[in-house]
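**Q** I'd like to go over a predicted model; first the sequence, then the structure.
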Amino acid sequence: MRSALRSSIALLAVVLIAGCTSGGAAPSASAAASASASAAPSVAASPSASAEACAKDSLEVMTPGTLTIGADNPAFPPYFSDDPPDPDWEIGNPNNGKGFESAVAYEIAKRLGFESDEVTWVPVAFNSAIAPGDKPYDMYLTQVSYSDERAEAIDLSDGYLDQSQTVIALADNPIASVTSVEGLKEFRLGAPVGTTSYDYIVENIQPTTEPSVYDTLDAAIQALSVDQIDGVLVDLPTAFYATAVQLENGTIVGTLPTVGEVEHFSVALDKDSPLTDCVNSAIAAMKADGTLQAITDEWITGAGAPELE
Amino acid sequence: MGPRRPERSGGRPSDGRRSSWIAFASTLVVFGLLGTIIVNSPGWPEIQRSFLDAERFADAWADVVPAFLKNVQLALIAEGLVLVLALVLAILRSLPGPAFFPFRVLATIYVDVFRAVPGVLIIFALGFGAPALRLPGLPNEPFFWAIVTLTLLYSAYVSEVYRAGIESVHPSQDAAARSLGLSRWQSLRYVVLPQAIRRVIPPLLNDFIGLQKDTVLVSFIGVVEIFRTAQIKQAASFNFTPYVAVAVVFLLVTIPLARFTDWLLARQGRRGEALVGTSTSISGAR
């Protein structure tokens, strides 16, 4: 009930401001618009959302003046960091701005006009974030892969991280020191069946030894650990998970150049959220000015996933 | 079968012709009816699209046939090893006297275990488990461990076939040989085994048909053979036609072998020396 009231007030405010801005009569509204434009200058780069619509005061957020962001708990590295930890969050702590997704979230918030202290994090299970229904947050970042099916139930932003093909291996295998795609050719590679990883091996790496194919990632990793193969191709998030949790003495050899279309992580928002266009313009601006690349370099490449040439 | 007729020897010549006509007509009706029901089922166009796509079949065929070479290699090597190991096991189990009791127990445990445990578990245990022991000198190639798995698995079955053959040789044969002054081993080697093996050739071939099909197990530990090749194609296209291509390859190889087995059995039947109980022939009474 209260949230319905709140959103209708917010809607009313938006209608009023939009009306005034287009009329150009009220000095207060135009002042607000120009103030927000200077606060987030990069938003102008996006054609999809106007600077006015994405001004902080005209954004329809849950709690006025605060951007509420959801994340799954526990929040895993390298997407979230425990430096410093927070008693409310297990493993990683989104509040510190460290870790890839925390950094991306704060950067998006900044471009929407929210300072760090105007951001609140709420723990929300991944499955309820991708299910239809009312959301307790304005936006949600926890490695949500874009899919058309999910996009029917919720809004998904443009991608902020490509799930590149990634080679994982045992740290003491010679493959661990390879720095180029060409260098991978001489090794025994494997992949789970039904993944784009196998296609990537056959089409783009073209190794001299026929690649091995397994029913599951677990089987591929077992083969890796008993030295039946030198490297396994998986997508980047899986690579982080596998080398951290599944594979003892495992390491990420590197991410491979993107060929064709790859899956990507999207910010998840409520279906038809008024914020979606603004988040997209913020991401576009972050891509345009290199901020996103810098964050990726710091938290993904820096977390041990170098790019192979 | 219904009431028996003494048709083989006592029937008139016209009986044969008439019964072939009846067989022909009945076959036509039964197959026609089955075909009509399937083709007119509501899901048929979908089945046709996802299982019987001619273009995808041709495409898959070009890939699965070369991949089948791996299965053939695997089957031939394993079959050779099975013939030897199974015979050793069967002889161990057939050794008489209290002194050989532990050997009989060992062989029995072996046969029980490997007949009971599903092949896919053994291939995982050996393919991924044995190399994890990191024993020096042992290869960790999946192909090697697939051969070991198939050999262990099928030796258990085939040793039972051998044993049945050995036990089917009447004890008087052995007694006669021993009374002629042959040693126990000589009697086994020159009198019992030649008769036993000759009798078990058809059931042996049956087990080898099984072994040939089970070579797809090797795919579980990473080897891209015929089944995995088809699976890769299936996963890329969400179409099951490549699996049908695999089935056709196995049919083409297995049916001639099955007919050959039947023919051997029938020939032995005429000579009265077959062990028909272990046959899985579908051809029925002839």
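**A** Sure thing, it's come through. Residues are numbered from 1 along each chain as shown, chains lettered A, B, ... in the order given.

**Q** Whichever residue of the stretch 201-309 of chain A sits closest to chain B pairs with what?
**A** Closest residue of the stretch 201-309 of chain A to chain B, C-beta to the nearest C-beta: A:Ser212 (3.4 Å). Glycine gets a C-beta too; all of them are placed from N, C-alpha and C. For A:Ser212, the beta-bridge partners are A:Gly190 (DSSP bridges).

**Q** ok, then the element right after the helix or strand of chain A with the lowest mean pLDDT?
**A** The weakest-scoring helix or strand in chain A, judged by mean pLDDT, DSSP states H and E, is helix A:27-39 (a mean of 41). Remark: after helix A:27-39, the chain's next helix or strand is strand A:67-71, criterion DSSP states H and E.

**Q** going on from that following strand, what's the next piece of helix or strand?
**A** Where DSSP H and E defines the elements, the next helix or strand beyond strand A:67-71 is helix A:100-111.

**Q** now that next one and strand A:67-71, what's the angle there?
**A** Relative orientation of helix A:100-111 versus strand A:67-71 (axes from the mean of the first three to the mean of the last three C-alpha atoms, to 10 degrees): 170 degrees.

**Q** Extract the C-alpha set from helix A:100-111 and format it as CSV.
**A** Extracted in CSV, the C-alpha atoms of helix A:100-111 (Å, rounded to 0.1, in the frame of the first residue of the first chain):
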residue,chain,number,x,y,z
PHE,A,100,34.3,-5.6,-10.1
GLU,A,101,30.5,-5.4,-9.7
SER,A,102,30.6,-3.2,-6.6
ALA,A,103,32.9,-0.8,-8.6
VAL,A,104,30.6,-0.9,-11.6
ALA,A,105,27.5,-0.3,-9.4
TYR,A,106,29.0,2.7,-7.7
GLU,A,107,30.2,4.1,-11.1
ILE,A,108,26.6,3.7,-12.5
ALA,A,109,25.2,5.3,-9.3
LYS,A,110,27.7,8.2,-9.7
ARG,A,111,26.6,8.8,-13.2
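
**Q** in it, what's buried?
**A** Within helix A:100-111, the residues scored as buried using 16 or more other C-beta atoms under 10 Å in any protein chain shown are A:100-111.

**Q** For those, give me CSV that also has pLDDT.
**A** Below are those laid out as CSV (pLDDT from 0 to 100):
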residue, pLDDT
A:Phe100, 94
A:Glu101, 95
A:Ser102, 95
A:Ala103, 96
A:Val104, 96
A:Ala105, 96
A:Tyr106, 96
A:Glu107, 96
A:Ile108, 96
A:Ala109, 95
A:Lys110, 94
A:Arg111, 93
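
**Q** Assign B:Pro45 to helix, strand or coil.
**A** helix (DSSP: H, G, I helix; E, B strand; the rest coil).

**Q** got a pLDDT number for it?
**A** Note on B:Pro45: pLDDT of 88.

**Q** what about it, neighbour count?
**A** Using other C-beta atoms under 10 Å in any protein chain shown, B:Pro45 has 10 neighbouring residues.

**Q** Setting the sequence-adjacent residues aside, check what's closest to A:Val226.
**A** B:Pro131 (4.0 Å; C-beta to C-beta, 6 or more residues apart in numbering or on different chains).

**Q** Check whether that neighbour really touches A:Asp227, as I assumed.
**A** Yes - B:Pro131 is within contact range of A:Asp227, at 7.0 Å (criterion: C-beta atoms under 8 Å).

**Q** Around the residue in the stretch 1-150 of chain B positioned nearest to chain A, count how many other residues there are.
**A** Here the stretch 1-150 of chain B gets closest to chain A at one residue, B:Pro131, 4.0 Å apart by C-beta to the nearest C-beta. Neighbourhood size, B:Pro131 [other C-beta under 10 Å]: 23.

**Q** Double-check the residue of the stretch 201-309 of chain A closest to chain B against A:Arg188; I have them as touching.
**A** Yes - applying C-beta under 8 Å, one finds A:Ser212 in contact with A:Arg188, separated by 7.0 Å.

**Q** Tell me the residues that contact both of the two, please.
**A** Taking C-beta atoms under 8 Å, 6 or more residues apart in numbering or on different chains as the contact rule, A:Ser212 and A:Arg188 both touch A:228-229.

**Q** Residues of chain A that sit close to chain B?
**A** A:190, A:193-195, A:198-199, A:210-215, A:219-220, A:222-223, A:225-229 (C-beta under 8 Å from any C-beta of the partner chain).

**Q** If we use 6 Å, what do you get?
**A** Listed as neighbours of chain B in chain A under the rule C-beta under 6 Å from any C-beta of the partner chain: A:190, A:193-194, A:212-214, A:222-223, A:226-228.

**Q** In three-state terms, how would A:Glu210 be classified?
**A** What three-state DSSP gives for A:Glu210 is coil.

**Q** Compute the first-to-last residue distance for stretch A:163-179.
**A** 19 Å (C-alpha to C-alpha, to the nearest Å).

**Q** what does it rub up against?
**A** By C-beta atoms under 6 Å, 6 or more residues apart in numbering or on different chains, the surrounding residues in contact with stretch A:163-179 are A:184, A:187, A:197, A:200, A:230-236, A:239, A:242-243, A:249-253, A:255-256, A:258, A:262-263.

**Q** Please list the members of those that lie in strands.
**A** Using DSSP state E, the members of the contacts of stretch A:163-179 that fall in strands are A:231-235, A:250-253, A:255.

**Q** out of the residues you listed, which one sits closest to A:Thr120?
**A** Among the ones in strands among the contacts of stretch A:163-179, A:Asp235 lies closest to A:Thr120 (C-beta to C-beta), at 30.7 Å.

**Q** If I look at the closest one, what pLDDT would I see?
**A** 89.

**Q** try A:Val245
**A** For A:Val245, the predicted pLDDT is 83.

**Q** I'd like to know how far it sits from A:Leu236.
**A** Separation of A:Val245 from A:Leu236 (C-beta to C-beta, to the nearest Å) stands at 15 Å.

**Q** So those two - more neighbours on which side?
**A** Ranked by neighbour count (other C-beta under 10 Å), A:Val245 and A:Leu236 place A:Leu236 first, with 23 against 10.

**Q** In this structure B:Ala107 contacts B:Arg93, no?
**A** Yes - with contact defined as C-beta atoms under 6 Å, B:Ala107 reaches B:Arg93; the gap is 4.4 Å.
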